[in-house]
Every structure is written in C-alpha cells, then in structure tokens.
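Peer 1: below is the sequence, then the predicted model.
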Amino acid sequence: MPAYEFLCRKCHQVVTLVLTVSDYEEKKPKCPECGSVRLERMITSFQVQTSKKS
C-alpha cells in the first residue's frame, strides 16, 4: 500500500498515512494527532510497503 504525507491545517503536523488507493480516493483521511479532516497532500517521493511473502 502506498504511504502518503499530509500537512494538517488545524494542528500543523506533518503526518504519514498508509492508505489503499481506493481509501485515498473515496474517503477523507483524518489527522491522527487532532482528528481533523483538513489535510493537504504534500508532494513527496513515492513509497510502497509490501508484504514479505516473496
């Protein structure tokens, strides 16, 4: 699953959230610090977390 970085407009924290693509497109992620949905996506390098099943 991809990891996305957001800046919370309420508490000004930079948070990294691991979301499925469908969760990112369909739901409004919440700040884990304050619970706000006022998150702004930051432009960062692309990261992917995978399982170790290989």
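Peer 2: Sure thing, it's come through.

Peer 1: please save the CA atoms from the lowest-mean-pLDDT helix or strand in the chain in PDB.
Peer 2: Sorting the helices and strands of the chain by mean pLDDT, DSSP states H and E puts helix 21-26 at the bottom, at a mean of 86. Only the C-alpha atoms of helix 21-26 are listed here, as PDB (Å, rounded to 0.1, in the frame of the first residue of the first chain):
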ATOM      1  CA  VAL A  21      -5.600   3.600  -3.400                       C
ATOM      2  CA  SER A  22      -9.400   3.200  -3.000                       C
ATOM      3  CA  ASP A  23      -9.300   4.600   0.600                       C
ATOM      4  CA  TYR A  24      -7.300   7.600  -0.600                       C
ATOM      5  CA  GLU A  25      -9.700   8.300  -3.500                       C
ATOM      6  CA  GLU A  26     -13.000   7.600  -1.700                       C
END
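
Peer 1: next helix or strand past that helix?
Peer 2: With elements assigned by DSSP states H and E, the helix or strand that comes after helix 21-26 is strand 39-41.

Peer 1: what is that next one packed up against?
Peer 2: Other helices and strands packing on strand 39-41, by 3 or more C-beta pairs under 8 Å, 6 or more residues apart in numbering; DSSP states H and E, are strand 3-8. Any C-beta I mention is one placed from the backbone N, CA and C, and that applies to glycine too.

Peer 1: what residue is smack in the middle of the chain?
Peer 2: Closest to where the C-alpha atoms of the chain average out (C-alpha atoms, centre = their mean) is Leu17, at 3.1 Å.

Peer 1: partner strands of the strand or helix carrying it, with direction?
Peer 2: Following DSSP H and E, one finds Leu17 within strand 14-18. Strand pairing for strand 14-18, determined by DSSP bridges: strand 3-8 (antiparallel).

Peer 1: go through the strand it pairs with and flag the buried ones.
Peer 2: Under the neighbour-count criterion of 16 or more other C-beta atoms under 10 Å, strand 3-8 has 4-6, 8 buried.
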